[in-house]
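Enquirer: Give me coordinates for this.
(2 chains)
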Amino acid sequence: MNTQELRKIFPILDSKVYGRKLVYFDNAATSQRPLSVVDMMYDLNLHHNANIHRAVHKLSADATDAYENARDAARLFLNAEDRRQIIFTSGTTAAINLVAYSFGSAFVDKDSEIIVGEAEHHSNFVPWQQLALRTGANIKYLRIDDKGYYSLDSLRSLLGPKTKLVCVNHASNVLGLLNPVKEIIQICHQAGVPVLVDGAQGAVHCKVDVQDLDCDFYAFSAHKLFGPTGVGVLYGKTELLEQMPPFLCGGEMVGTVSLEKTTFAPLPMKFEAGTQNFVNAAAISPALELLSNILNDKELDTEFEQLKAYFLEKLRQVPGITLYGDTSQADKKLPIYSFTIEGVHHEDLAILLDKMGVAVRSGQMCAEPLMNHFGVSGMLRASLMQYNTMEEADIFFSALERALEMLK
Amino acid sequence: MTIKEKEQQVIEDFSIYDEWLDKYEYIIELGKSLDSYPEEMKTDEHLIKGCQSRVWLNTEVKDGKLYFTADSDAIITKGIISLLISIYSGQSAADILASDFSVVQEIGLKDNLSPTRANGLVSMIETIRKMAALNV
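Expert: From the prediction side, this is the model:
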């Protein structure tokens, strides 16, 4: 498959905004959805809609199959050992909140320490701060090195007998750098400490293997990798998930309920309270299938690497630009480019780019501690996907040039 | 000039631009020409909440009329402030409260701003109205 063929299954990419060709470079916030995903949602809604797991009738069986097939697809995608380790949530944020609450209840008290990265999205930051407030636990912050990667030396200095969990991203949503998560996990495990990996960005561009990584928790969101909104996956090691109490209660997550007590369903249902977002969850199957095909496609990969190299090279040439995060190692840099331009407010630039049809993200990008680290009030972020083209990159750069002229 | 007349003036000024970029070029020019705002008044007390970019607004009351000065770290926001000030500064509290601020819709600004910026715009208008309400 080549880029042009790929674009054909994403009709939105041919849109016009303000009468101009849309250039969609805000993929790290949400990616576009292919026809296969939209078709499946449409088909389920129109022909197979009934509540899952509960009823004996045909529609319920169809919906349950579609939902449970998606669990298998997610298991395969992450290379998890067992489908019971795959828990559907509403997204990465909900997955991390589940762990913060549930793991927190089981293992964290006032004498505990939790290590959290300073380059985390608020979704992997605030839940831990709140857990610390509830329990009296202490949070320690893992620092990034000069290049923007988590520092293993910093990690070693923070780990101690009180450490209960380490929470890091696979790749930062701002810096787009693949962190040395495998090494982080090894170091933590030597100290007997489990690790949660926020894979919201990493899962989009890497072939994730949770058994190889040996992570204890891994979370990702469907909408960032061609899937529907409101669906995410939490992978957890069985022995930890078994020891954790339920997060939300009610619905099919119970074993038996009486006036005296309630027992809970086995994994994964224990963590899936209430009616699940089953139509959208089911539609992650075609999304993950497409993503796997894309990541295994040599032709697409070659084109995308060329686009990334071209984009980065042109970006470096923009006068007054500061790019955040190391760009010297192409294999560790996701197509997420955050920058500021001297003397120009990020939001002014984003507004003018928008008027020229170019969608980028501006602001603090849900990573205020990282903005403070770099001493900026916000940044601009262009994030690319395999369906983006050289032509779009050129439109971006001429729009950027024009916007800068207007603002100077 | 009354608020209505000033609003009409702004609508006419904008009507000559067909292209959105030209409208923004004009807003940027307005932002650049906004009267300077004293650094010492860039305090939390003057900061308007709800803007992604920061906005400071100061209100003075003289002879029953409200006079606004303001600043922002972003130039487009400054331009929008400049527009609002040109209409509402020097007017009485009662006249400001009687205005429906529909000029913002009429020049199409609200629809064409990013959601966060539109919220900032709404916050700015709310602050101006609040200052008027405090000084009726």
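
Enquirer: what element comes up after the helix or strand of chain B with the lowest mean pLDDT heading to the C-terminus?
Expert: Lowest by mean pLDDT, DSSP states H and E among the helices and strands of chain B is helix B:109-112, with a mean of 65. With elements assigned by DSSP states H and E, the helix or strand that comes after helix B:109-112 is helix B:115-134.

Enquirer: could you give the mean pLDDT of that following helix?
Expert: Per-residue pLDDT over helix B:115-134 has a mean of 80.

Enquirer: just checking, what packs against it?
Expert: helix A:346-355, strand B:55-62, strand B:65-72, helix B:75-88, helix B:93-98, helix B:109-112 (3 or more C-beta pairs under 8 Å, 6 or more residues apart in numbering or on different chains; DSSP states H and E). Glycine gets a C-beta too; all of them are placed from N, C-alpha and C.

Enquirer: Sketch out the low-pLDDT regions of chain B for me.
Expert: B:50-51, B:110-120 (pLDDT under 70).

Enquirer: Tell me who's in contact with the residue nearest to the spatial centre of it.
Expert: Geometric centre of chain B, nearest residue: B:Leu84, 2.7 Å, by C-alpha atoms, centre = their mean. Contact analysis of B:Leu84 by C-beta atoms under 8 Å, 6 or more residues apart in numbering or on different chains lists B:68, B:124-125, B:128.

Enquirer: Who are the contact partners of the residue of chain B at minimum distance from chain A?
Expert: Per C-beta to the nearest C-beta, B:Ala74 is where chain B lies closest to chain A, at 3.9 Å. By C-beta under 8 Å, 6+ apart, B:Ala74 lies in contact with A:345, A:347-348, B:53-54.

Enquirer: Of those, which pair is most distant in space?
Expert: A:Asp348 and B:Arg54 (12.8 Å; C-beta to C-beta).

Enquirer: quick one, which of these two is more surrounded?
Expert: A:Asp348 (30 against 16; other C-beta atoms under 10 Å in any protein chain shown).

Enquirer: Surely the more buried one touches A:Leu407?
Expert: Yes: the criterion here is C-beta atoms under 8 Å, and A:Asp348 meets it with A:Leu407 at 5.6 Å.

Enquirer: between those two, what contacts are shared?
Expert: B:28, B:75.

Enquirer: For the residue nearest to A:Gly250 when sequence neighbours are not counted, which residues are in contact?
Expert: Once flanking residues are discounted, A:Gly250 sits nearest to A:Ala273: 5.1 Å by C-beta to C-beta, 6 or more residues apart in numbering or on different chains. Contacts for A:Ala273 (C-beta under 8 Å, 6+ apart) come out as A:246-253.

Enquirer: Closest one of those residues to chain B?
Expert: A:Leu248 (29.9 Å).

Enquirer: Specify the helix with the largest residue count in chain A.
Expert: Secondary structure of chain A per DSSP state H: the longest helix is helix A:58-78.

Enquirer: Secondary structure element holding A:Leu400?
Expert: Counting by DSSP H and E, A:Leu400 is part of helix A:390-407.

Enquirer: Taking their axis directions, that helix and helix B:75-88 sit at what angle?
Expert: Per axes from the mean of the first three to the mean of the last three C-alpha atoms, to 10 degrees, the angle that helix A:390-407 makes with helix B:75-88 is 50 degrees.

Enquirer: so how far is helix A:390-407 from its chain's centroid?
Expert: Centroid displacement of helix A:390-407 relative to its chain, using C-alpha atoms, centre = their mean, to the nearest Å, is 28 Å.

Enquirer: Can I take it that the residue nearest to A:Gly250 is in a strand?
Expert: No: using DSSP: H, G, I helix; E, B strand; the rest coil, the assignment for A:Ala273 is coil, not a strand.

Enquirer: Distance check, it against A:Gly232.
Expert: Separation of A:Ala273 from A:Gly232 (C-beta to C-beta, to the nearest Å): 15 Å.

Enquirer: Apart from its chain neighbours, what residue comes closest to the residue of chain A found nearest chain B?
Expert: Nearest residue of chain A to chain B (C-beta to the nearest C-beta) works out as A:His345 at 3.9 Å. Once flanking residues are discounted, A:His345 sits nearest to B:Ala74: 3.9 Å by C-beta to C-beta, 6+ apart.

Enquirer: what helix or strand does A:Lys164 sit in?
Expert: Going by DSSP H and E, A:Lys164 is part of strand A:163-169.
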